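Chemist: sharing a model prediction with you, sequence too.
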Amino acid sequence: MDGTKKLNLHGFNNLTKSLSFSLYDISWAKSDTHRNDYLKYIDQQYNADRLTNILREVVEIIDANILNIARQDYEPQGASVTMLISERTQTIAAHLDKSHICVHTYPESHPHNGISTFRADIEVSTCGIISPLKALNFLIHSFDSDVVTLDYRVRGFTRDIRGAKHYIDHDISSIQNFVSEDVHNRYEMVDVNVYQENIFHTKMMLKELNIQRHVFGLGVGSLSQFEQNQAKQMLSKEIKEIFYGRNLD
């Protein structure tokens with residue numbers, strides 16, 4: 001990872017690095033049938049098998065080994081996958097068995113206005129020198145998200161050969177430092193960081209609302225101009241409410 005400090009350690013690197021995502025996809029469906037079809041589509045698109053494949057790729061990107069996989073599809077909707085992982089280059093794997101990757105999905109729909117939302121929560125938690133930030137852009141690209149909230153935290157400490165404690169082993173001022181240029185171009189981003197605690201939080205919201213991409217089950221051409229404007233207004237409000245974390249009147 002860029003900015004990693006080369007420390008001569010006494011024993012293991014005991015730092016825990018956790019990268020957490022909440023990724024939201026928002027759609028508008030005109031009828032109850034279309035809303036039900038949306039939930040079915042999401043369940044098929046992001047079932048346990050597909051999520052497992054995404055997490056396998058994450059393991060490759062961060063150069064780790066899979067020790068165990070647990071996965072489950074739920075009724076009526078949703079799926080979960082958890083992987084226990086270890087560092088490939090670490091000879092004593094038991095120390096790193098505490099590293100894991102997990103994903104949970106939450107499809108839902110508004111009971112009245114046609115808005116349907118899919119949320120995926122992902123956590124990549126690693127011990128030692130494995131960096132979850134290496135998988136940041138891959139995971140953002142793996143989901144068609146309108147809003148993304150990111151949390152990165154480094155916990156604990158590790159000691160160098162002199163016995164001094166180190167509470168972080170790499171340079172970081174923002175999660176945005178590790179976001180690719182194309183992602184920067186697509187999203188507005190805001191940081192809420194607590195530097196003294198090694199806690200970093202970034203919120204991302206899609207810059208441009210493409211009504212065609214957000215209408216499910218119908219082409220925009222089949223909607224009247226009034227319906228298009230209404231759908232766009234509701235979608236925009238939903239995206240902003242999720243981004244700001246509060247209901248907007």
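Modeler: On my side now, so go ahead. Numbers count the residues shown, from 1 in each chain.

Chemist: would you check that Pro166 makes contact with Arg159?
Modeler: Pro isn't right for residue 166; it's His. Yes - under the criterion of C-beta atoms under 8 Å, His166 is in contact with Arg159, at a separation of 7.3 Å. Every residue, glycine included, has its C-beta placed from N, CA and C.

Chemist: beta partners for the closest residue to Val215 other than its chain neighbours?
Modeler: Distances taken as C-beta to C-beta, 6 or more residues apart in numbering place Trp28 nearest to Val215, at 5.6 Å, with adjacent residues excluded. Following DSSP bridges, Trp28 is listed with bridge partners Ile115, Val215.

Chemist: name the helices or strands packed onto the lowest-mean-pLDDT helix or strand in the chain?
Modeler: Among the helices and strands of the chain, strand 158-159 carries the lowest confidence by mean pLDDT, DSSP states H and E, at a mean of 80. Contact partners of strand 158-159 among helices and strands, from 3 or more C-beta pairs under 8 Å, 6 or more residues apart in numbering; DSSP states H and E: strand 165-166.

Chemist: list the helices and strands the helix or strand that contains Lys17 packs on?
Modeler: According to DSSP states H and E, Lys17 maps onto strand 16-28. With contacts taken as 3+ C-beta pairs under 8 Å, 6+ apart, strand 16-28 sits against strand 115-127, helix 136-142, strand 147-155, helix 211-214, helix 225-244.

Chemist: if we use 7 Å, what do you get?
Modeler: Under the contact criterion of 3 or more C-beta pairs under 7 Å, 6 or more residues apart in numbering; DSSP states H and E, strand 16-28 touches strand 115-127, strand 147-155, helix 211-214, helix 225-244.

Chemist: farthest from the middle of this structure: give me that residue.
Modeler: When each C-alpha in the chain is compared with the mean C-alpha position (C-alpha atoms, centre = their mean), Arg162 comes out farthest, at 37.7 Å.

Chemist: just say helix, strand or coil for it.
Modeler: Of the three states, Arg162 takes coil under DSSP: H, G, I helix; E, B strand; the rest coil.

Chemist: now mean pLDDT and distance to Phe138 too, for the helices and strands packed on strand 16-28, in JSON lines please.
Modeler: Formatted as JSON lines, the entries for these read as follows, by pLDDT from 0 to 100; distance: least, C-beta to C-beta, whole Å:
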{"stretch": "strand 115-127", "mean pLDDT": "91", "distance to Phe138": "11"}
{"stretch": "strand 147-155", "mean pLDDT": "95", "distance to Phe138": "13"}
{"stretch": "helix 211-214", "mean pLDDT": "85", "distance to Phe138": "21"}
{"stretch": "helix 225-244", "mean pLDDT": "92", "distance to Phe138": "22"}
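
Chemist: okay, these, which one's buried deepest?
Modeler: Each of these was given a mean neighbour count from mean count of other C-beta atoms under 10 Å, and the largest, a mean of 23, is that of strand 115-127.

Chemist: what about dumping the CA coordinates of it to PDB?
Modeler: Below are the C-alpha coordinates for strand 115-127, written out as PDB (Å, rounded to 0.1, in the frame of the first residue of the first chain):
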ATOM      1  CA  ILE A 115     -39.000   4.100  -4.600                       C
ATOM      2  CA  SER A 116     -37.000   0.800  -4.200                       C
ATOM      3  CA  THR A 117     -33.600   0.700  -2.500                       C
ATOM      4  CA  PHE A 118     -30.900  -1.900  -2.400                       C
ATOM      5  CA  ARG A 119     -28.200  -1.700   0.200                       C
ATOM      6  CA  ALA A 120     -25.000  -3.800   0.500                       C
ATOM      7  CA  ASP A 121     -23.000  -3.600   3.700                       C
ATOM      8  CA  ILE A 122     -19.400  -4.800   3.300                       C
ATOM      9  CA  GLU A 123     -16.600  -5.000   5.800                       C
ATOM     10  CA  VAL A 124     -13.000  -5.900   5.100                       C
ATOM     11  CA  SER A 125     -11.100  -6.300   8.400                       C
ATOM     12  CA  THR A 126      -7.400  -7.300   8.400                       C
ATOM     13  CA  CYS A 127      -4.600  -7.800  10.800                       C
END
